[in-house]
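Asker: here you go, sequence then predicted model.
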Amino acid sequence: MKKWIALITAAFFPQVLWAADVPATLQWSQRVELSPPVSGVVQAVNVEVGDLVKKGQVLLTLDSMAYQARVAENQSEITRLNAEVEEAKRDLDRVQELYQRTVVSTTELDQAKLRLIRSQSALSEARARLRQNQKALDDTSLRAPFDAVVVLRQAEPGLSVAAGLQPQMLLTLARSGEMIARTYLPSSQMGKLKTGEALTVSIAGINYTGKIKTLGLEPIKIKEEWVYPIDVAFPSKEPLRAGAPAQLKLP
């Protein structure tokens, strides 16, 4: 009798099976589009699609001759203004000595102080221009913001790049060493999962140990059903492709 009751209950009130594989899709854990913040002509592109790059590695360079010239001009100006400041200091020392001996007036002393202040101000402004132009020179080299793989290249030597409100994207990178397996679950299953919980990601028969990175808070409609996105981050040394199928092994 108990056996029949159990069968009837299972037939009319099916339970959710959790020890099961759920289909997922691979995504990049971080993806960025890069463009230099300064204008110029592309001089060299040092990477190809699929290349692995390290943080700080130079990926692309613009012709920097004009920026180098500005920096050299600023450095020459600073050398001249340093000499003027030293001369103004010596002149102030001389006038102060004469003032103490009542040889010169207060007006002459004030003028000597003003000359020093003006020369020091001009030097500070020149140093600020040097920092600005040095930054622009550094920006002619496009560097990797983190360890990554090159997923898209849209630049060739000779291409003119104009910095502006809508920068021209030249390279697209994705973080290397980590991927995301994304799936969607109904709200009835969301409460059984926690951020940071370990899950197994299976790709082409190879298992990876991952952790739940995000649990979606807003539903989306897929095939007439409202579901929530779940991202599971996992380390991966070998190259994988975004959009490839995977399986998540739920607890």
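Answerer: Structure's in. What do you need?

Asker: CA only for contacts and neighbour counts going forward, please
Answerer: OK.

Asker: what about the chain, any weak spots by pLDDT?
Answerer: Low-confidence segments of the chain (pLDDT under 70): 1-19.

Asker: for the protein, just list every one of the helices.
Answerer: 2-12, 65-100, 106-138, 187-190 (DSSP state H).

Asker: Throw those helices into CSV and include mean neighbour count, thanks.
Answerer: Shown next, in CSV, are the helices of the chain (neighbours: other C-alpha atoms under 10 Å):
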stretch, mean neighbour count
helix 2-12, 10
helix 65-100, 16
helix 106-138, 16
helix 187-190, 13
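
Asker: quick check: which of the ones you listed is nearest to Lys249?
Answerer: Ranking the helices of the chain by proximity to Lys249 (C-alpha to C-alpha) places helix 187-190 first, at 13.6 Å.

Asker: sorry, back to before: just send the helices of the chain back as JSON lines, with distance to Pro219 too.
Answerer: What follows is these, written out as JSON lines (distance: least, C-alpha to C-alpha, whole Å):
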{"stretch": "helix 2-12", "distance to Pro219": "28"}
{"stretch": "helix 65-100", "distance to Pro219": "50"}
{"stretch": "helix 106-138", "distance to Pro219": "44"}
{"stretch": "helix 187-190", "distance to Pro219": "8"}
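
Asker: what is the burial count for Phe234?
Answerer: 21 (other C-alpha atoms under 10 Å).

Asker: so it makes contact with Thr209?
Answerer: Yes - Phe234 lies in contact with Thr209 (C-alpha atoms under 8 Å); the separation is 6.1 Å.

Asker: now the common contact residues for the two.
Answerer: Applying C-alpha atoms under 8 Å, 6 or more residues apart in numbering, one finds that Phe234 and Thr209 are jointly contacted by Val201.

Asker: distance of the closest residue to Ile230 other than its chain neighbours from Leu193?
Answerer: Nearest residue to Ile230, sequence neighbours excluded (C-alpha to C-alpha, 6 or more residues apart in numbering): Leu215, at 4.9 Å. Going from Leu215 to Leu193 by C-alpha to C-alpha, to the nearest Å gives 8 Å.

Asker: the two: which is more packed in?
Answerer: Leu215 (19 against 15).

Asker: how about the nearest residue to Lys249, chain neighbours excluded?
Answerer: In space, Lys249 is closest to Asp21, 4.6 Å off (C-alpha to C-alpha, 6+ apart).

Asker: since that was my last question, I'll sign off now.
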